[in-house]
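Undergrad: sequence first, then the predicted structure:
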Amino acid sequence: MAATERGWYVFPLRTGSKHPALHGADHCDRSGDCRDGHRIPEQRAVSTLTERDRALWAKHGWNVAVATGPSGLVVVNLDVPKVDDKPRPDEWNLPGIHDGFDVFATVCEQAGHPVPWDTFTVRTPSGGTHLYYTVPPGIQLRNTGGGRGRGLGWKVDTRALGGHVVAAGSVVDGRPYEIEHDRQPQPLPQWLCERLIPFKSRPRRVRASTAAVGPSCRPQSTGRWNGSPPHRPDATGRCTTRPVRSDNSSPVAHCPNRTCETP
Ligand SMILES: [Zn+2]
């Protein structure tokens with residue numbers, strides 16, 4: 001199982017499907033993993049498969065889900081339009097924008113950063129793309145869908161805590177998920193991490209001069225992550241729309257027209 005060899009947490013999906021093969025809450029017999037109460041597939045995901053597991057998975061021909069949260073991953077899913085989609089939001093009804101690929105590239109360009117393509121990448125049967133990144137230790141990112149909440153935009157979903165993606169090698173409706181770019185997932189770029197971090201993880205009150213409040217996506221020079229605030233509000237508590245430098249090193253991405261406080 002290639003995913004577990006990478007240290008990721010996995011659980012089985014039904015044959016030819018994206019649906020978990022593990023029992024749901026309605027069919028829980030409160031035994032095994034669920035003896036202390038029903039546990040969702042993410043909570044039952046494993047990073048090591050026993051011989052018995054392997055035999056069972058092979059016998060059923062189960063697909064594999066990577067539980068992104070336990071694996072320390074965030075996966076950016078760039079999707080393509082489907083015939084039964086709702087009309088696209090006006091903000092993305094623009095020339096040159098055809099799919100999640102274009103939206104993600106635009107988000108990166110608007111943030112003033114290159115598109116982080118050079119990471120572990122899986123091609124989905126529908127022609128979509130899964131970009132895998134590692135999440136900084138101590139940071140908890142949630143799932144996003146389209147442009148809602150912390151979402152990046154139309155046809156761009158992210159999967160982190162509470163989410164999973166279909167792993168490469170799985171087959172859904174007779175079509176495979178295939179590795180497109182085989183390298184280790186790269187660290188989620190700092191600006192993108194700060195863009196995705198949930199509002200509730202942000203410091204409630206931050207004075208511009210105060211350091212070390214709440215979680216941050218910011219790398220230290222040692223390559224580890226420190227605890228400085230992800231945002232530098234101005235005197236009114238609002239983030240500025242322009243990138244500013246919190247020290248003399250790299251620019252810090254900001255949340256345009258949005259306060260730093262939890263809404
Ligand atoms: Zn159960």
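TA: In hand now; what should we look at? Numbering: from 1, shown residues only.

Undergrad: quick check: L196 touching V74?
TA: Yes: if you go by C-beta atoms under 8 Å, L196 and V74 touch, sitting 7.0 Å apart. Every residue, glycine included, has its C-beta placed from N, CA and C.

Undergrad: which neighbours do these two have in common?
TA: Contact criterion C-beta atoms under 8 Å, 6 or more residues apart in numbering; residues shared by L196 and V74: L141, T158, A160, L188.

Undergrad: make a markdown table from those and add pLDDT and secondary structure to it.
TA: Converted to a markdown table, the shared contacts of L196 and V74 look like this (pLDDT from 0 to 100; DSSP: H, G, I helix; E, B strand; the rest coil):
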| residue | pLDDT | secondary structure |
| --- | --- | --- |
| L141 | 96 | coil |
| T158 | 98 | strand |
| A160 | 97 | coil |
| L188 | 97 | coil |
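
Undergrad: what's the closest of these to T4?
TA: Taking C-beta to C-beta as the measure, T4 lies nearest A160 of the shared contacts of L196 and V74, at 19.2 Å.

Undergrad: which residue, neighbours along the chain excluded, lies closest to that closest one?
TA: L141 (3.8 Å; C-beta to C-beta, 6 or more residues apart in numbering).

Undergrad: quick one: buried residues of stretch 139-147?
TA: I139, L141, R142, N143, T144, G146, G147 (16 or more other C-beta atoms under 10 Å).

Undergrad: what's in contact with that stretch?
TA: Counting by C-beta under 8 Å, 6+ apart, 74, 89, 91-92, 135, 150-163, 193, 196-198, 201, 215-217, 225 sit against stretch 139-147.

Undergrad: on that earlier part again, and which of the buried residues of stretch 139-147 is nearest P176?
TA: For the buried residues of stretch 139-147, the nearest to P176 is N143 (24.0 Å; C-beta to C-beta).

Undergrad: so which of the contacts of stretch 139-147 are in helices?
TA: Under the assignment DSSP state H, the contacts of stretch 139-147 contribute C193, L196 to helices.

Undergrad: just the buried ones among the contacts of stretch 139-147, please.
TA: Buried among the contacts of stretch 139-147 by 16+ other C-beta under 10 Å: 74, 92, 135, 150-161, 163, 193, 196-198, 201, 215-217, 225.

Undergrad: return the subset of these lying in strands.
TA: V74, V156, D157, T158, R159 (DSSP state E).

Undergrad: if the second one is in a bridge, with which residues?
TA: Meaning V156. L78, G153 (DSSP bridges).

Undergrad: thought it was touching G100?
TA: Yes: the pair V156 / G100 is scored as a contact, 4.6 Å apart, by C-beta under 8 Å.
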